[in-house]
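**Q** Starting from these lines, generate the structure:
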Amino acid sequence: MSFVDGLARTETTRNWVIAGADVVLPSGLASRGTVVVEEGRIVAVEEGKPARGRNRLQADGYWLLPGLIDLHSDAVEYSIQPRPGGQFPIEIALVELDKALAACGVTRVFHAVCIGGYGNREVRNPRMAQEIIEGLSRYRESLTVEHRFHARFEVTLTDAVATLEQLIEDGRVDLCSFMDHRPGKGQYSRVEDYRDYYRSVFMSEEAIDRMIEERVSSASWAGPNTERLAAVCREHGVPMAAHDADAPEQIDDFHALGMVIAEYPVHPAVAAKAREVGMGVLMGGPNILRGGSLSGNLSGIEAVRSGWCNLIGSDYAPMSLLHAIFTLQRQEACSLSEAVNMLSLNAARAVGIDGETGSIEPGKRADLVLVDPTGPVSRVMLTLVAGRTAYSLLPPGRSKAAAP
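**A** From the prediction side, this is the model:
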């Protein structure tokens, strides 16, 4: 028996009275608010009222945010294989990543896993994708954060079509993104950019040449593969995303196929077009935190300032999410509540779960994050998933069992 099989979600209290925090709501801030949680659900949100009750948490000086929803996280791949040739068992990687996500304030994560071989990473192959899927299914109920599966499909990989189709029909895909990483497309607008990237990760010239030849020769399959799998996603209610779109006219095509998210649009005109047709636009937390794209593409902060970006994903760095929120606020790109919405309510709406989670409102699950904004770096102090403690740095004496 795996050691993970013996773990269970924390069975401590799911009843809370959190008082004195500044509560971030969809439309603003409730100063010194009180949030009452019963059996893992929010039952009341009040501003400026003293609170009494059992398991009262006095949270003066803290901010209370809805739990962060990460729609695009590559972190599971890096947890399994942090360096070339060095792979860890999936169960250990998931348990350790689960702890890290909770510490970052993430309460629901969509693990972006490539279906089929792609690029130079050993972990990106059909066998590993299947192992990750099986691992998520096997251990999901043993972990503290809600783990979901985001299938990344390289549209020229015809060999992967049947596999992904079966996964969708089996109900194992929660979000599906369509990628086209041919040289000269998307983030690699010039073939030399493509070569430079793969040289930087130590691929040989011969291997790069082979990959370019394979991608170019399979280009004619991109359209048929996309149409076939988009139809399967629509039939089974799986939300879809377009990855690295590089032309506004692509957005019309993607939108017509039912795609609801444009991930990491390459150019401003693409992001603007996506918002115009009603798609969500997702930019990376690392892009926002660092102040620009590693590939020289659209800046996340520029996209937010221009009103295009309304979603944030962690890409390769879950720790970037919370700090991206405060970076946007500090640089006056948007308000605090608008930045928080990008990782909570907007994200929940994009994948159809906003009736259940995504904001601090009565009736919704108590997916909550308590943040200490003081000091040089804001810190997560408490993460609740459906009212259960997933992570806590609270000092003794903050939580009090008081008479009703």
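
**Q** any idea how this protein splits into domains?
**A** 11-66+359-397, 68-350 (automatic domain parsing).

**Q** Please enumerate the helices of the stretch 1-150 of the chain.
**A** Remark: helices assigned in the stretch 1-150 of the chain by DSSP state H, counting those that start in this stretch are 75-80, 90-103, 126-139.

**Q** re the thing from before, I'd like the domains of the chain as CSV, with mean pLDDT appended.
**A** Shown next, in CSV, are the domains of the chain (pLDDT from 0 to 100):
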stretch, mean pLDDT
domain 11-66+359-397, 91
domain 68-350, 89
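
**Q** For those, give me JSON lines that also has mean neighbour count.
**A** No exception for glycine: its C-beta is placed from N, CA and C like everyone else's. Listed next are the domains of the chain as JSON lines, based on neighbours: other C-beta atoms under 10 Å:
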{"stretch": "domain 11-66+359-397", "mean neighbour count": "18"}
{"stretch": "domain 68-350", "mean neighbour count": "20"}
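
**Q** ok so, going back, wait, which of the helices of the stretch 1-150 of the chain is closest to Gly285?
**A** Closest approach to Gly285 among the helices of the stretch 1-150 of the chain (C-beta to C-beta): helix 75-80, 11.4 Å.

**Q** what sits up against that closest one?
**A** 87-88, 90, 93-94, 96-97, 100-101, 109, 111, 113, 121, 123-124, 128, 132, 314, 316-318 (C-beta atoms under 8 Å, 6 or more residues apart in numbering).

**Q** how about a cut-off of 7 Å?
**A** 87-88, 90, 93, 96-97, 111, 113, 121, 123-124, 132, 314, 316, 318 (C-beta atoms under 7 Å, 6 or more residues apart in numbering).

**Q** What of stretch 340-350?
**A** With C-beta under 7 Å, 6+ apart, stretch 340-350 has contacts from 24, 26, 65-69, 71, 239, 260-261, 280, 310-312, 321, 325, 354, 357-359.

**Q** try 8 Å this time
**A** 24, 26, 65-71, 239, 260-261, 280, 304, 309-312, 321, 325, 354, 356-359.

**Q** Now, these that are in strands?
**A** Cross-referencing the contacts of stretch 340-350 against strands under DSSP state E gives Val24, Leu65, Pro66, Leu68, Ile69, Asp70, Leu71, Ile261, Gly280, Leu311, Ile312.

**Q** Phi and psi next, for Tyr61.
**A** Careful, residue 61 is Gly and not Tyr. The phi and psi torsions at Gly61 (degrees, to the nearest 10) take the values phi 90, psi -10.

**Q** in which helix or strand would I find the nearest residue to it once chain neighbours are set aside?
**A** With sequence-adjacent residues excluded and distances taken as C-beta to C-beta, 6 or more residues apart in numbering, Gly61 is closest to Thr374, at 6.9 Å. Counting by DSSP states H and E, there is no helix or strand that carries Thr374.

**Q** you'd agree Thr374 is up against Asp60?
**A** No. Counting by C-beta atoms under 8 Å, Thr374 stays clear of Asp60, with 11.6 Å between them.

**Q** First-to-last residue distance for stretch 363-383?
**A** 19 Å (C-alpha to C-alpha, to the nearest Å).

**Q** Out of the contacts of helix 75-80, give me the two with the largest separation.
**A** Gln87 and Ser314 (21.5 Å).

**Q** which residue ranges form the helices in the stretch 201-350 of the chain?
**A** Under the criterion DSSP H, counting those that start in this stretch, the stretch 201-350 of the chain contains helices at 205-217, 222-236, 248-256, 268-276, 285-290, 300-305, 320-330, 336-342, 345-350.

**Q** Report all helices and strands that the second one contacts.
**A** Applying 3 or more C-beta pairs under 8 Å, 6 or more residues apart in numbering; DSSP states H and E, one finds that helix 222-236 makes contact with helix 161-169, strand 175-179.
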